[in-house]
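Enquirer: Sharing a sequence plus its predicted fold:
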Amino acid sequence: MLITISTAIAFVMAWFLLKVGWSGWISMPLTLIVALGITYVFSRGLTSPLRQMRDAATAMSGGDYTVRVQAATLSHDEVGQLARSFNEMAEELQHADQMRLDMVANVSHELRTPVSALQAMVENMADGVTEPTEANLDSILDQTHRLSDLIAFLLDLSRMEAGAASLEIDAFDFADFIDETVEPLEIADAGHAHDIRMDVPEGITMEGDQDRLRQLFTNIIANALKHSADGTTVLIEAHEGEDEGTIVTNVVNYGSQIPQEARSDIFRRFVKGKAGPGTESGGTGLGLSIARWAAQLHGGSIVVVDDPRGADFEITLPKYHMAQYQGTTVQRP
C-alpha cells in the first residue's frame, strides 16, 4: 500500500508539473523528493511499534517487565499483530516473575519458622534454660519433620516446574492400596480422635505409580483430617465410574465446607485453607497442588464437588494407564 500510494502521488505530481509547462529537469527531482518524503513519513509510523519493542526489550533485559508497546492498538497489520504478541509475552513474563518472587518469599517464610523454633529450643538447652526432656526432644523432632516435609514438597515442586516425572507403572488392588495409605495417617492422628471410615469395594485392580498415587491420597486425606474438628468423621468412599474405565474416590470431612469461589484457588501453590474452629492451621500450602499434579500425571483429576455432608474432594483416575502423558516417562517392571 505504501509503495502504491507513493508511486501514484509521484506519477500524478510529475504529470501535473509537466502539464503546466515545468521542465523535466525540475519536475522530476521535485517529484522524487516529495515521494521520498511521503515514504519516510509513512514508514516512521509503520516502524514505530518496532522501535517501541526495541526499547521495551531493552528495559525487560534489565528486569522491568511492566513495559508495554502502546502502538499495538493502532494497527491491524503484521506489525500490529507482532506488537500485541509482544505485549502478551511481556504480561506472561511479568506474571512468571511475580510468581517467582512470591515463591521465594513463601519458601523463605516456611523455612524460617521451623528453623527459628529449632534454634531457640537448642539454644535454651545449650544454655541450661530448659532440660532435654522427652517432650522437648519430641518438639525438636516435630520441627525437623516439618523441615523434611517442606524439602520433599519443594523437590516435587521442582519436578512440576520442570514438567517431567518418571512413573513406574504396575497393577495393584485399589482397596489394599487405600488401607496401606490410611494406616500411617490413623497412627499420626491418634491424638485427634477422628473417625476415618472407608467404603472401598474389594476386587478393583488399577494400574499406576503407587508412590505418586500415595502422595496424592496422603495429601488429600491429611488435608481433610487437618481441617476437621477433633472427634469428627472423615469418609473415604470409592466406586467405578459410569464407563467402568475409571475409579472415582470421594474424601469427605463432615461439617466443614469450602466456598465456591475458593475451590479453584486451594489447588494453587502456597495457598493455605483457612482453619475452622477446632481444626489445625499451618502447613506448606503445597499439598493440594502436588496432589493435583500427581493425578494429572496419571490422566486423572481432582475437584471439589457440592456435598451437603461437608467438603468433598472427588478424585477421578483411569483404571488402566494406557498412554504416555506429556512430560512423563512411563516404566513398566
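Expert: Looks like it came in fine.
Enquirer: correct me, but T39 touches M1?
Expert: No: if you go by C-beta atoms under 8 Å, T39 and M1 don't touch, sitting 11.6 Å apart. (C-beta placed from N, C-alpha, C; glycine too.)
Enquirer: Between these two, point out the one with more neighbours.
Expert: T39 (17 against 8; other C-beta atoms under 10 Å).
Enquirer: where's that one, which helix or strand?
Expert: Assessed by DSSP states H and E, T39 sits inside helix 24-61.
Enquirer: what ranges do the strands span in the stretch 201-333 of the chain?
Expert: 205-208, 233-240, 246-254, 301-305, 310-318, 328-331 (DSSP state E, counting those that start in this stretch).
Enquirer: Could you spell out which stretches of this protein belong to which domain?
Expert: When the chain is parsed with automatic domain parsing, its domains come out as 2-93, 107-162, 166-331.
Enquirer: Ok, which of these comes nearest M99?
Expert: With C-beta to C-beta as the criterion, M99 lies closest to domain 166-331 of the domains of the chain, at 8.1 Å.
Enquirer: and the closest residue to E186 other than its chain neighbours, bridged to which residues?
Expert: Nearest residue to E186, sequence neighbours excluded (C-beta to C-beta, 6 or more residues apart in numbering): I196, at 5.9 Å. The partner list for I196 in beta bridges (DSSP bridges) reads V234.
Enquirer: Could you export the domains of the chain as JSON lines, including mean pLDDT?
Expert: Below are these laid out as JSON lines (pLDDT from 0 to 100):
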{"stretch": "domain 2-93", "mean pLDDT": "79"}
{"stretch": "domain 107-162", "mean pLDDT": "79"}
{"stretch": "domain 166-331", "mean pLDDT": "82"}
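Enquirer: quick check: longest helix of this protein.
Expert: The single longest helix within the chain, with elements called by DSSP state H, is helix 78-126.
Enquirer: And it, how far out from the chain middle?
Expert: Taking C-alpha atoms, centre = their mean, to the nearest Å, one finds helix 78-126 lying 13 Å from the centre of the chain it belongs to.
Enquirer: and that helix, what other elements does it pack with?
Expert: Packing partners of helix 78-126 (3 or more C-beta pairs under 8 Å, 6 or more residues apart in numbering; DSSP states H and E): helix 24-61, helix 134-162.
Enquirer: I'd like the secondary structure assignment at L167, please.
Expert: When classified by DSSP: H, G, I helix; E, B strand; the rest coil, L167 comes out as strand.
Enquirer: How about it: what's its closest non-neighbour residue?
Expert: D209 (4.1 Å).
Enquirer: Now do the contacts for the one you found.
Expert: 167-170, 297-298 (C-beta atoms under 8 Å, 6 or more residues apart in numbering).
Enquirer: gap between it and T218?
Expert: 14 Å (C-beta to C-beta, to the nearest Å).
Enquirer: With P132 instead?
Expert: 32 Å.
Enquirer: Those two: who's more crowded?
Expert: Legend: neighbour count by other C-beta under 10 Å for P132 and T218, higher for T218 (18 against 13).
Enquirer: how about the nearest residue to the more buried one, chain neighbours excluded?
Expert: Using C-beta to C-beta, 6+ apart and skipping residues adjacent in sequence, the residue nearest T218 is T181, 5.9 Å away.
Enquirer: Check which residues of the helix or strand hosting that neighbour are buried.
Expert: Assessed by DSSP H and E, T181 sits inside helix 174-188. Neighbour counts over helix 174-188 (16 or more other C-beta atoms under 10 Å) mark 174-175, 177-178, 181-182, 185 as buried.
Enquirer: before we move on, what about stretch 112-120?
Expert: Neighbour counts over stretch 112-120 (16+ other C-beta under 10 Å) mark 114, 117-118 as buried.
Enquirer: Contacts for it next, please.
Expert: Residues contacting stretch 112-120 (C-beta under 8 Å, 6+ apart): 139-140, 143-144, 146-147, 150.
Enquirer: let's go with 7 Å and repeat that
Expert: 140, 143, 146-147 (C-beta atoms under 7 Å, 6 or more residues apart in numbering).
Enquirer: How many neighbouring residues does M125 have?
Expert: 16.
Enquirer: thinking it is in contact with T133, fair?
Expert: No: applying C-beta atoms under 7 Å as the test, M125 and T133 come out as separate, 9.6 Å apart.
Enquirer: residues shared between the contacts of the two?
Expert: What both M125 and T133 touch, as defined by C-beta under 7 Å, 6+ apart, is an empty set.
Enquirer: now W25: how far from T31?
Expert: Distance of W25 to T31, given as C-beta to C-beta: 12 Å.
Enquirer: which one of the two has more residues nearby?
Expert: T31 (22 against 8).
Enquirer: ok, now how distant is that one from Y40?
Expert: 15 Å.
Enquirer: how much space is there between I247 and T4?
Expert: From I247 to T4 the distance is 66 Å (C-beta to C-beta).
Enquirer: I169 now?
Expert: The gap separating I169 from T4 is 63 Å, by C-beta to C-beta.
Enquirer: Between the two, which is the more surrounded one?
Expert: Using other C-beta under 10 Å, the more surrounded residue of I169 and T4 is I169, with 17 against 8.
Enquirer: you'd agree the more buried one is up against E207?
Expert: Yes: the pair I169 / E207 is scored as a contact, 5.5 Å apart, by C-beta under 7 Å.
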